[in-house]
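1. I'll drop the sequence and a predicted model, then ask my questions.
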Protein chains: 2
Amino acid sequence: MTTRGETYTTTFMKRSHDIKKYFSPAETQRLVSELGNCLERYYRECQEQKGRTVPELTPETYIRMAGEALNSGKESDFATLASMALANGHHLHDPRYMGHQVPPAVPAAALFDVLGRAANQGAAVFEMAPFGTSAERAVVHELGKLIGWEPGKFAGIGTHGGTLANVTALLAARNIRYGNSWKSGLGMDGGLKPAIMTSADSHYCIARACGILGIGTSQLVKVPVDARRRMDLNKAGEILATARERGLDIFAIVGSACTTPTGSFDDLAGIAALARKHSLWFHVDGAHGASFLFSDKHKHLLAGINQADSIAWDAHKMLFVPALSTYLFYRDARHSWQAFAQDAPYLFDPDDPSGMAEFDGGLRTFECTKGALSLGLWGIWSLYGKDFIASLIERAMDTTLAFRDLIEQSPDFQAAHDPQCNILCFRYLPEEGVVDADALSQLNQSIRNRLVAEGNWYITGTRLDGQYWLRVTIINPLTGTTHLHGLLEAIRNLATVHSGNNFRPPVT
Amino acid sequence: MTTRGETYTTTFMKRSHDIKKYFSPAETQRLVSELGNCLERYYRECQEQKGRTVPELTPETYIRMAGEALNSGKESDFATLASMALANGHHLHDPRYMGHQVPPAVPAAALFDVLGRAANQGAAVFEMAPFGTSAERAVVHELGKLIGWEPGKFAGIGTHGGTLANVTALLAARNIRYGNSWKSGLGMDGGLKPAIMTSADSHYCIARACGILGIGTSQLVKVPVDARRRMDLNKAGEILATARERGLDIFAIVGSACTTPTGSFDDLAGIAALARKHSLWFHVDGAHGASFLFSDKHKHLLAGINQADSIAWDAHKMLFVPALSTYLFYRDARHSWQAFAQDAPYLFDPDDPSGMAEFDGGLRTFECTKGALSLGLWGIWSLYGKDFIASLIERAMDTTLAFRDLIEQSPDFQAAHDPQCNILCFRYLPEEGVVDADALSQLNQSIRNRLVAEGNWYITGTRLDGQYWLRVTIINPLTGTTHLHGLLEAIRNLATVHSGNNFRPPVT
């Protein structure tokens, strides 16, 4: 395959000079300076609402643009490429962004993040990221205290996203309940079917977990929601009482804190009591809402979370750091070892008497190579303090309540629910009065589509009981009252245009 | 729960001034400038080998250090915190780093990466990351052409890491073979057990996939390796011929390109033929090795990869971008829709006639929120060109072959194998001659432990047929011949110290 001798030495020494140019510290500093210019301009233009919030071109156009850059055949310059990427992204730092549960990240968090990337720390193995893994441990220690757990008894690991955290927790629960399932596979004996219970409004990744883990999505038992769109605990109790008769072995119950459509918080203490009574694993999907533990004013929403067996908590939602940065917690640290098992002597040496397995997170995470995903949160927490993060959360709540008030004062708008957190579903109601429900759905969906096509304002939508509602997540600390008023005015204008185009739904 | 009226409006307007400070474009630019200073110093000190490669403190010490920063109770400064994180990390940009399959990333790649994080683009939904998702599509298009596939027929998606990509591919394969398994769960009928076949040296995440997906790790059929540590295809054929008699329905075969311990490339064309004959899904774990497709000189290692049904390919290994950035490819684009199914109207509206599902990657990835993980690769490819990436790959190969030559010329060292790529296992042999195999294992493991404890050089180790071998991945473009000589000299010195401490193994 290869010739021997001095050939390689000579060849690569010739190339080394060229390659060093691309790793030059001085050149890197120059690029970082260009990065600073690009980011300053980007954030300023977003905050000044200079352009659209959502860019207007089609996927095909952007793909062609990105492809042309790849194939230009000559060296380009950093600033041009960086500006292209920023200008044609979604401008979350525009105060008119009130969309998904993805925040405009605190800029410093992104800069701390880049440290782990520039140094490429692999945080699943302590040795490959001594400080990156330690920052994760320090953050986990503090978050665990907020949950109300005693240091030393619980475990927390960083992972890439809420879906992974939820799937990992349910995998641990599955392996603990069905001791042979990791090795032998699931359900070969034809007995009761393993099943998981959650609310009808839980995130789709809980159903996915059933599909992925061999449980089957048909074995996800969805409990109806109550008037506040929380899991109906009476119905949950009834279902549990008859589950075995229906051939189901419900082994885990998943509480939402909060749900995605309406931001409703399940009664975690009530679920915990059910879980104890029926010996269920109690998992909390706290991807969005666990962060409210930072606020003395709002932490009551999470009452009972300390009784969970496991908790998923996204820092990249209400802790305002860039995606992805998620924590998975186990109340009993020993359970954290149950999700996975592997043999990889080159990485995790079982004969190593140093006790490093405790610090090599890879034994307990999906990821083998893992980014140092805690540096962003560790950085802004250290730089600005915990109260700063709490103030962002409280501001989001305050703005949402202000929006709720505004909607209540506007006869041409209707809120679907009283906001439990910073998510609110609402809709436009034509002034003529009550209209056919389907037509109202269609009108509001059309408003949302046009709003996004217009590109100035960004909100989302969802369906509740089959009806389409507009939906905001007030997750942008830069959004203020003028923007709330502006959004409603923009919707009114669109509805009028809509009407002019004969799209107005029939008045019943 | 909440009081009404003007309260919220007033409260949050009072807070808004403070919060804006932390999002200030000018202040961000100042922080980026500090980041530039920190990175310039960091890269320079790494390249000048000023300090250790691996820092020396215990996990407990670093965790305390990180925790003290969190709890300092006063605003700190960015440069101090950033320098703390960098100095106490693993210094992959030190030329003496020759460790895991994690590269010292091209600095510019990290700076392109930060764009997606600073703007927090959520690349699982086109609308949330128009350019981020488009850059991914453009990169996928080019990588697919390197595989040898026709644009328009295949699919590729970005995901967070090789484990996720491998698990997702095998999940798709499982769902395709067992059409009810997503909904109904696995194996309730008591028939043949679903099973997967791979080589004994495959990455541990393939076994994990079996554990996760409900197949069971006992149903992972491991084919012995041949003299070059590739899957033995004769034995694979024999096993397949008798699998059903043993109650196994082998539905997928996983080729390694390459294996982790020794960097061996399975005969992909040979596996493809077997897969065709037995109607198996053919998956290639190309996490490390698929990147050799960039090099005309080395792409022969991947002959047959174009016949795979699915391929996992890490950009954060041999494409020299920061972790995590992985691509999962399907030869038949339609298969990419088989891994998952979900109902999430607020995100992916099935009634939406716009055809956006094609561009909303979240329908086909584990992740619901996904980082814009292609910007790093898109950036350096656009900035420096494809040939630059190829030159990094070829340099890694050349340096590895130079190291092989050096070991061959050194009577006190022995290579375990001829390197197929840039991974090489070797060991120190005391000059006195042949020693007891276990003692030799112990000696070399002790050398590795001491080497890392000393902190100047960084290599790894693995076990082959029960014996411990030192192991390098020559993935550092800054490593040159002087460093190769230096490493061997350092090992010799440690072995001598070892001997002085009566640790020398008995000569047989």
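-> Now that the structure is in, tell me what you want to look at.
2. most proximal residue of chain A with respect to chain B?
-> Residue of chain A nearest chain B, by Cβ to the nearest Cβ: residue A:214 (1.6 Å). Yep, even glycine has a C-beta here, placed from its N, CA and C like the rest.
3. give me the element that residue is part of.
-> For residue A:214, there is no helix or strand it lies in under DSSP states H and E.
4. isn't it up against residue A:185?
-> Yes: contact criterion Cβ atoms under 8 Å: residue A:214 and residue A:185 qualify, at 6.9 Å.
5. who has more neighbours, the two?
-> Between residue A:214 and residue A:185, counted using other Cβ atoms under 10 Å in any protein chain shown, the more crowded position is residue A:214 (30 against 24).
6. need the longest strand for chain A.
-> strand A:248-256 (DSSP state E).
7. show me what that strand is packed against.
-> Strand A:248-256 sits against helix A:162-177, strand A:193-199, helix A:233-242, helix A:268-278, strand A:281-285, with contacts defined as 3 or more Cβ pairs under 8 Å, 6 or more residues apart in numbering or on different chains; DSSP states H and E.
8. which one is residue A:163 nearest to, not counting chain neighbours?
-> Nearest residue to residue A:163, sequence neighbours excluded (Cβ to Cβ, 6 or more residues apart in numbering or on different chains): residue A:205, at 4.1 Å.
9. typo on my end, it should be residue A:291
-> Closest residue in space to residue A:291, ignoring its immediate chain neighbours: residue A:318 at 3.4 Å, by Cβ to Cβ, 6+ apart.
10. that neighbour and residue A:287 touch, don't they?
-> No: counting by Cβ under 8 Å, residue A:318 does not reach residue A:287; the two are 9.2 Å apart.
11. who touches both of those two?
-> Common contacts of residue A:318 and residue A:287 (Cβ atoms under 8 Å, 6 or more residues apart in numbering or on different chains): residue A:101.
12. ramachandran angles for residue A:309?
-> phi -80, psi -30 (degrees, to the nearest 10).
13. ditto for residue A:131
-> Dihedral angles (degrees, to the nearest 10) for residue A:131: phi -80, psi -40.
14. right, is stretch A:443-455 up against chain B?
-> Yes: using Cβ under 8 Å from any Cβ of the partner chain, we find that stretch A:443-455 touches chain B at residue A:452.
15. now that stretch - C-alpha only, CSV.
-> Only the C-alpha atoms of stretch A:443-455 are listed here, as CSV (Å, rounded to 0.1, in the frame of the first residue of the first chain):
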residue,chain,number,x,y,z
LEU,A,443,-58.2,33.3,9.2
ASN,A,444,-55.7,33.0,12.0
GLN,A,445,-53.5,30.5,10.2
SER,A,446,-53.5,32.7,7.2
ILE,A,447,-52.6,35.7,9.3
ARG,A,448,-49.6,33.8,10.7
ASN,A,449,-48.4,32.7,7.3
ARG,A,450,-48.7,36.3,5.9
LEU,A,451,-47.0,37.7,9.0
VAL,A,452,-44.0,35.5,8.5
ALA,A,453,-44.0,36.1,4.7
GLU,A,454,-44.0,39.8,5.4
GLY,A,455,-41.1,39.2,7.7
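16. average model confidence for that stretch?
-> Stretch A:443-455 shows a mean pLDDT of 94.
17. what about that stretch, distance to the chain center?
-> Its chain's average C-alpha position is 24 Å from that of stretch A:443-455, according to Cα atoms, centre = their mean, to the nearest Å.
18. report the buried residues of it.
-> Buried residues in stretch A:443-455, counted by 16 or more other Cβ atoms under 10 Å in any protein chain shown: A:443-448, A:450-452, A:454.
19. run through who's touching that stretch.
-> Contacts of stretch A:443-455 (Cβ under 8 Å, 6+ apart): A:52-56, A:427-428, A:430, A:435, A:457-461, A:468-470, A:490-491, A:494-495, A:497-498, A:503-505, B:127.
20. ok, now stretch A:26-36?
-> A:21, A:77-79, A:82, B:28-29, B:32-33, B:35-37, B:39-40, B:43, B:107-108, B:111, B:114-115.
21. any of the residues you listed buried? List them.
-> Applying 16+ other Cβ under 10 Å to the contacts of stretch A:26-36 flags A:78, A:82, B:28-29, B:32-33, B:35-36, B:39-40, B:43, B:107-108, B:111, B:114-115 as buried.
22. okay, now the unreliable bits of the stretch 301-450 of chain A?
-> Where the stretch 301-450 of chain A drops to pLDDT under 70, the residues are A:341-355, A:433-434.
23. do that again at 50, thanks
-> Within the stretch 301-450 of chain A, the segments meeting pLDDT under 50 span A:342-346, A:350-351.
24. check the stretch 151-300 of chain A too.
-> A:188.
25. try 90 this time
-> A:179-180, A:186-191 (pLDDT under 90).
26. what does it have sitting close to chain B?
-> Going by Cβ under 8 Å from any Cβ, the residues of the stretch 151-300 of chain A near chain B are A:160-164, A:167, A:171, A:180-190, A:193-194, A:203-205, A:207-208, A:210-219, A:260-261.
27. quick revisit: quick check: angle from the longest strand of chain A to helix A:233-242?
-> 160 degrees (axes from the mean of the first three to the mean of the last three Cα atoms, to 10 degrees).
28. got the CA coordinates for strand A:248-256 in PDB?
-> The C-alpha coordinates for strand A:248-256 follow below in PDB (Å, rounded to 0.1, in the frame of the first residue of the first chain):
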ATOM      1  CA  LEU A 248     -50.200  -2.600  29.700                       C
ATOM      2  CA  ASP A 249     -47.400  -2.400  32.300                       C
ATOM      3  CA  ILE A 250     -47.200   1.400  32.700                       C
ATOM      4  CA  PHE A 251     -43.700   1.900  34.200                       C
ATOM      5  CA  ALA A 252     -43.100   5.600  33.900                       C
ATOM      6  CA  ILE A 253     -45.100   8.800  34.000                       C
ATOM      7  CA  VAL A 254     -43.900  12.000  32.400                       C
ATOM      8  CA  GLY A 255     -44.900  15.400  33.800                       C
ATOM      9  CA  SER A 256     -44.600  18.500  31.600                       C
END
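29. neighbouring strands - and their directions - for that strand?
-> strand A:193-199 (parallel), strand A:281-285 (parallel) (DSSP bridges).
30. how is chain A partitioned into domains?
-> A:122-384, A:390-504 (automatic domain parsing).
31. how long is the first one end to end?
-> This means domain A:122-384. With Cα to Cα, to the nearest Å as the measure, domain A:122-384 spans 26 Å from end to end.
32. which stretches of the stretch 1-150 of chain A aren't confidently modelled?
-> In the stretch 1-150 of chain A, residues with pLDDT under 90: A:1-19, A:50, A:55-58, A:72-76.
33. ok, now with 80
-> The model of the stretch 1-150 of chain A has pLDDT under 80 over residues A:1-17, A:73-76.
34. can you show me the strands along it?
-> Assigned by DSSP state E, counting those that start in this stretch, the stretch 1-150 of chain A shows no strands.
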